[in-house]
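# Need the 3D shape of this:
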Amino acid sequence: MDILKTIGIESSKFNCSAYLVGGPVRDIVLGKKSKDLDIVVESKTKKNCIKKLTENLARTLKAKSFLYYKEFGTSTIFLRNGKSIDLAMARSEVYKKPGVLPVVRPSDIYSDLKRRDFTINSMAICLSEDKFGLLVDPNNGLDDIRKKQIRVLHKKSFVDDPTRILRAIRFSVRLDFKIEKETLGLLKESIKRNDLKNVSKERIKKEFLAVLVEKDTYKILKKFSEFGIFLFDLKLTKEKQYMLKNLNIGKNPVPLKLSILLLGEKINKIKSILKEMKLEREITNQIITVFRYISGDIIKNLPEWSKYFFKIAKIEKRKFFIDGNALIKLGFKPGPVFKKILSDVNKKNFSNYIQAEKYILRRYSPA
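The predicted structure follows:
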């Protein structure tokens, strides 16, 4: 509360009005905790004051650091308690083409709220000293929260931004809300037209990752399947659904859950999917390493999260008895045949060295 009041006071110094908007407002109404604060600033002079306001707030709040994104005129302040504040000027938007990012222009808080995805995310709370705590709700979001329903703001909502299809389903599961009847009809029409094909892979990836960090990932993916949505062509079998439902998440839900969804695919297909997703290099390398291990490669250092994966997938960690040195002792000379033999023998998961040695000498010649 002190932080919100400080934002209101500091914004008034620049002849601006600040509002808490979107998800945090929805969560306040629902009595839920919000990790971050989304702030929209309305300027009476139409000037972008975000940079100076950010500098002032970071100093006043003794923030850890901040970033100003010049090309977008937005900023993020990182607080010492691990939370963050996102600031942006109030703006309106126009979609010149379905599925692409809109053209935005400076505007007022009402226009800004009109461009939101759903009514429950289109509310704002004024932070100005004279109107602190005033709820701005031009789209009846509060009423929809009471009705526990997801509703779009206009009929072209899914056409303008098809990723709202994915968010509507995700929010309905997370909040245990129904999708309002007309909205559901529009959503189904959009899926039938395959509007998601107009969206870049980068934006689809962002929405997919948001699903993977949700508590009930399996429920969301199951809903996707029911609507015929399979992101990156990943199918949710009953076995994978069970694994996701009963998962002991650990600290890395994204690579862990994604690996479950990739189970059963060949290593080249896995590499192709990960390349298409353009994930962080570290996550990609970790997942490929785990599946190389499963396919028989000798891997000494597996990621920490893999122990949860092996447990839920019922994959036993192999005990390697054969390596390059062992092959040399058996009379083999280092070369291309090494990789072939090692991959072959280590897939067999022999219980002891003698079994592995007999198998190698029976199948391969040291000459």
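
# Am I right that residue 315 is in a helix?
No. Read with DSSP: H, G, I helix; E, B strand; the rest coil, residue 315 is coil and lies in no helix.

# Not including adjacent chain positions, what is the nearest residue to it?
Nearest residue to residue 315 in three dimensions, chain neighbours excluded: residue 294, at 6.4 Å (Cβ to Cβ, 6 or more residues apart in numbering). Any C-beta I mention is one placed from the backbone N, CA and C, and that applies to glycine too.

# for residue 186, same thing?
residue 158 (5.5 Å).

# dump the residue contacts of the one you found.
Residues counted as contacts of residue 158 (Cβ atoms under 8 Å, 6 or more residues apart in numbering) are 152, 164-165, 186-187, 189-190, 195.

# In helices, which of these appear?
164-165, 186-187, 189-190 (DSSP state H).

# mind checking which helix or strand the residue nearest to residue 186 is in?
helix 157-160 (DSSP states H and E).

# Tell me the spacing between the residue lying closest to residue 330 once chain neighbours are set aside and residue 143.
What sits nearest to residue 330 in space, not counting adjacent residues and going by Cβ to Cβ, 6+ apart, is residue 366, at 6.1 Å. Residue 366 sits 79 Å away from residue 143, taking Cβ to Cβ, to the nearest Å as the criterion.

# Which residue ranges of the stretch 151-300 of the chain form strands?
178-179 (DSSP state E, counting those that start in this stretch).

# what are the ranges of the helices in it?
For the stretch 151-300 of the chain, the helices defined by DSSP state H, counting those that start in this stretch cover 157-160, 163-175, 181-193, 201-212, 217-226, 238-245, 253-262, 267-277, 281-294.

# Compare those and report which one is nearest to residue 72.
helix 201-212 (15.6 Å; Cβ to Cβ).

# and residue 91, what does it touch?
104-107, 111-112, 115.

# what's the neighbour count on residue 219?
19 (other Cβ atoms under 10 Å).

# now swap in residue 234 and tell me
17.

# Please settle this for me: is residue 17 part of a helix?
No. Assessed with three-state DSSP, residue 17 is strand; it does not lie in a helix.

# Distance check, it against residue 8.
Where residue 8 is concerned, residue 17 sits at a distance of 8 Å (Cβ to Cβ).

# Over to residue 152?
Taking Cβ to Cβ, one finds residue 152 at 30 Å from residue 8.

# what comes into contact with the helix or strand harbouring residue 8?
Of the helices and strands defined by DSSP H and E, residue 8 is found in helix 2-12. Applying Cβ under 8 Å, 6+ apart, the contact partners of helix 2-12 are 17-18, 20, 37, 39, 41, 49, 53, 56-57, 60-61, 79, 85, 126-129, 132.

# try it again with 7 Å
17-18, 20, 39, 41, 53, 56-57, 60-61, 127-129, 132 (Cβ atoms under 7 Å, 6 or more residues apart in numbering).

# In the residues you listed, which has the lowest confidence score?
Lowest pLDDT among the contacts of helix 2-12: residue 129, with 89.

# now it, nearest residue through space, not along the chain?
For residue 129, ignoring the flanking residues on the chain, the nearest one in space by Cβ to Cβ, 6+ apart is residue 8 at 5.8 Å.

# ok, that neighbour to residue 360 distance?
According to Cβ to Cβ, residue 8 stands 74 Å off from residue 360.

# returning to that earlier point: quick check: pLDDT value at the residue nearest to residue 129.
Reported pLDDT for residue 8: 93.

# pLDDT below threshold where in the stretch 1-150 of the chain?
By pLDDT under 70, the low-scoring segments of the stretch 1-150 of the chain are 45-47, 93-104.

# residue ranges of the helices in it, please?
Counting by DSSP H, counting those that start in this stretch, the stretch 1-150 of the chain has helices at residues 2-12, 23-30, 50-60, 109-114, 141-147.

# so can I have a markdown table of these showing distance to residue 223?
Shown next, in a markdown table, are the helices of the stretch 1-150 of the chain (distance: least, Cβ to Cβ, whole Å):
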| stretch | distance to residue 223 |
| --- | --- |
| helix 2-12 | 34 |
| helix 23-30 | 20 |
| helix 50-60 | 37 |
| helix 109-114 | 27 |
| helix 141-147 | 19 |
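
# Could you find the closest non-adjacent residue to residue 317?
Closest to residue 317 by Cβ to Cβ, 6+ apart is residue 310, at 6.1 Å.

# Distance check, the one you found against residue 268.
22 Å.

# Compare the two and say which one has the larger neighbour count.
residue 310 (17 against 8).

# I figured that one hits residue 303, correct?
No. Using Cβ atoms under 7 Å, residue 310 is not in contact with residue 303, being 11.1 Å away.

# still on that earlier bit, residues near the residue nearest to residue 330, how many?
Other residues close to residue 366 by other Cβ under 10 Å number 12.

# neighbours around residue 248, how many?
Neighbour tally, residue 248, other Cβ under 10 Å: 9.

# Good, wrapping up.
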